[in-house]
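# Here you go, sequence then predicted model.
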Amino acid sequence: MIPIFWPINISLAMINLVLSAWILSIVLKNRKLIKSKTTNYLSAFAGMMVLANIFAIAIYFHFSLYYGPEIAIPLIPLNMAIFFSIIFLIWVLKD
């Protein structure tokens, strides 16, 4: 049985994945209009965030089969920090 903390981590990572993919799509659209090093770096950063979240989901699912709440609980604040960082990045990009 999977403790409730692992589905919370997986759900947060999925939300982070969707938001990161959204940022990547925004940056790639703007990259065609604004040709600068900054947009190239930002698109690379957003792409790495997407990959990191895909790996996080896979790792969390694998960990949920073998580890309990002692591993899952400390990861929740980490995922929340990532979530708020992505929200802040979206807020900065909208301006």
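Yes, it's here.
# going forward, measure contacts and count neighbours with C-alpha atoms only.
Fine.
# Helices of this structure, start to end?
Listed in chain order, the helices of the chain (DSSP state H) span 5-33, 37-66, 69-94.
# burial of the closest residue to residue 10 other than its chain neighbours, as a residue count?
Distances taken as C-alpha to C-alpha, 6 or more residues apart in numbering place residue 57 nearest to residue 10, at 5.6 Å, with adjacent residues excluded. Using other C-alpha atoms under 10 Å as the criterion, residue 57 is surrounded by 19 other residues.
# residues contacting residue 57?
Going by C-alpha atoms under 8 Å, 6 or more residues apart in numbering, residue 57 touches 10, 13, 14.
# With mean pLDDT added, can I get the helices of the chain in JSON lines?
Listed next are these as JSON lines, based on pLDDT from 0 to 100:
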{"stretch": "helix 5-33", "mean pLDDT": "92"}
{"stretch": "helix 37-66", "mean pLDDT": "93"}
{"stretch": "helix 69-94", "mean pLDDT": "92"}
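# most tightly surrounded among those helices?
Sort the helices of the chain by mean neighbour count, taking mean count of other C-alpha atoms under 10 Å, and helix 5-33 sits at the top with a mean of 18.
# I'd like the distance from it to the chain centre, please.
Taking the mean C-alpha point of helix 5-33 and that of its whole chain, the gap between them comes to 5 Å (C-alpha atoms, centre = their mean, to the nearest Å).
# which other helices and strands contact it?
Secondary structure elements in contact with helix 5-33, counted by 3 or more C-alpha pairs under 8 Å, 6 or more residues apart in numbering; DSSP states H and E, are helix 37-66, helix 69-94.
# which strands and helices sit next to the last one?
The criterion is 3+ C-alpha pairs under 8 Å, 6+ apart, and the helices and strands that helix 69-94 contacts are helix 5-33.
# where's the residue nearest to residue 10 relative to residue 14, distance?
Between residue 57 and residue 14 the computed distance is 7 Å (C-alpha to C-alpha, to the nearest Å).
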